[in-house]
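S.K.: Sequence and predicted structure, then a few things I'm wondering about:
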Amino acid sequence: MGGAETGADRGVAPPGVPMPLHEVDMAGGAARASGVGELDRVLGGGFVPGSVTVLGGEPGIGKSTLLLQALGASSASGWRALLVTAEESAAQVRQRATRLGADRAGVLVVSETALPHILDHVEAVAADLVVVDSIQTVHEPALGSAPGTVVQVRECAQRLVAMAKERGVAVVLVGHVTKEGSLAGPRVLEHVVDTVLSFEGDRHHALRLLRATKHRFGPTHELGLFEMTEAGLVGVPDAGGLFLADRHPGVPGSVVVPAIEGTRPLLVEIQALVAGKDIPQPRRSAQGLDGGRLALLLAVLERRVGLSLGGSDVYVSAVGGVRLTEPATDLAVALALASAAVDHPVPDDLAAVGEIGLAGEVRQVAHLGRRLAEARRLGFGRAVVPMSAPEPPAGMELLRVATLAEALVGVLPMS
């Protein structure tokens, strides 16, 4: 009789050794800066050796540009970087890298789609950082199915994750997104990786936003801001008046809200347009804002204030391509809607922030002191805030309100 079959006989890796938690070496989990400041901000310091990151975004938004710049900056700080281009030729990548100033000697590039060859290349060059652009075009020939299928994406992702953990290589996978904005392919792609980054923005605007929707090595609330220029992506560490640069004063339906994205305050213009009356099927459009919150605010305006917009087309937008999801924008959106409805502008130096409840009450929001300080720094002298708001910064006057009705009476000529 033969002996019992061991893990090695089955091709399984040798088992780990249990050890006390306090004796685990944490040195391998330290982040290493990529050299791109806004990317490192979102990642909590940089890429972690042995980690796998997925970067998702719409086609043409700048994912390849961002990672090519990161590869160039990383190689300048000592990383041995490898770009696996599965969609473009090496010559196309070189042309872009030259334009971006990222064609450094430490960046290696290979045009390859077969997973076994990619794994061989990573081992041969002893890479510290590997970018695969994109995971949907990589395939395992032994599976026999086409690239991009559920089976292929799952298998290729899992094999790359195993390689990253075994060799201590930081791996970045570029992922396509669907029309709904979620990563294409199986959900396992998000589950097996350590970090999921989302690169957003309107291709008709220069602003790009980088967020982490999953990050095992730190918080996910940070926001990276970039401006797309002819020379590539440029970080915007101090957004300042970026979102207000093209604001036109004295226009009805325009209200500025001091929002918080991650740890940074941003002043964003909310625009509203109300058109028509007694329309049988009126339109409701919310760009950069939550459509559900818009419906709630329209109901509160009608029931608690007496301003009915049920028969009118309503359009609301957060200007600049940014997406605001926090309830703190409620008061600014409601004021913008009322301003557009009565065709009367709010004062140009006034900002508004606060959450609105179903009873029409204006509720406190987090980090209000920092929001007001940023608004004052950018020249706003007045703000509409909840009753419990802290003392304002020097030079700012507060209109404290308990209800939405009070806010409208204090700002607009409501009959």
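M.R.: That came through fine.
S.K.: After the top strand by length along the chain, heading C-terminal, what element do we hit next?
M.R.: Secondary structure assigned by DSSP state E gives strand 264-275 as the longest strand of the chain. Where DSSP states H and E defines the elements, the next helix or strand beyond strand 264-275 is strand 284-287.
S.K.: Show me how far that next one is from its chain's centre.
M.R.: Strand 284-287 sits 20 Å away from the centroid of its parent chain (CA atoms, centre = their mean, to the nearest Å).
S.K.: If you count contacts, what does that strand end up packed against?
M.R.: Counting contacts by 3 or more CB pairs under 8 Å, 6 or more residues apart in numbering; DSSP states H and E, strand 284-287 is packed against helix 291-300, strand 313-318. Yep, even glycine has a C-beta here, placed from its N, CA and C like the rest.
S.K.: Select, out of those, the one closest to Ile279.
M.R.: strand 313-318 (6.2 Å; CB to CB).
S.K.: for this protein, what spans make up the helices?
M.R.: 37-43, 63-76, 90-100, 115-125, 150-167, 188-192, 291-300, 330-342, 368-377, 404-411 (DSSP state H).
S.K.: that older thread, in the longest strand of the chain, what's buried?
M.R.: Across strand 264-275, burial judged by 16 or more other CB atoms under 10 Å covers Arg264, Pro265, Leu266, Leu267, Val268, Glu269, Ile270, Gln271, Ala272, Leu273, Val274.
S.K.: Can you list the strands that that strand pairs with?
M.R.: strand 254-261 (antiparallel), strand 313-318 (antiparallel) (DSSP bridges).
S.K.: now the shortest one against helix 291-300, angle please.
M.R.: The one in question is strand 313-318. 130 degrees (axes from the mean of the first three to the mean of the last three CA atoms, to 10 degrees).
S.K.: could you check the angle helix 330-342 makes with strand 313-318?
M.R.: Using the same axes, to 10 degrees, strand 313-318 lies at 140 degrees relative to helix 330-342.
S.K.: Give me the contacts around strand 313-318.
M.R.: With CB atoms under 8 Å, 6 or more residues apart in numbering as the test, strand 313-318 has contacts from 268-276, 279, 282-289, 294, 298, 324, 329, 333, 336-337.
S.K.: ok, 7 Å please
M.R.: 268, 270-276, 279, 282-289, 294, 298, 324, 333, 336-337 (CB atoms under 7 Å, 6 or more residues apart in numbering).
S.K.: And the lowest-mean-pLDDT helix or strand in the chain, what does it pack against?
M.R.: Lowest by mean pLDDT, DSSP states H and E among the helices and strands of the chain is helix 188-192, with a mean of 83. Where contact means 3 or more CB pairs under 7 Å, 6 or more residues apart in numbering; DSSP states H and E, helix 188-192 is packed against helix 150-167.
S.K.: From the chain's centroid, how far away is the helix it packs on?
M.R.: Using CA atoms, centre = their mean, the offset of helix 150-167 from its chain centre is 25 Å.
S.K.: quick one: low-confidence ranges for the stretch 201-350 of the chain?
M.R.: Counting by pLDDT under 70, the stretch 201-350 of the chain contains low-confidence residues at 240.
S.K.: Understood, closing this out.
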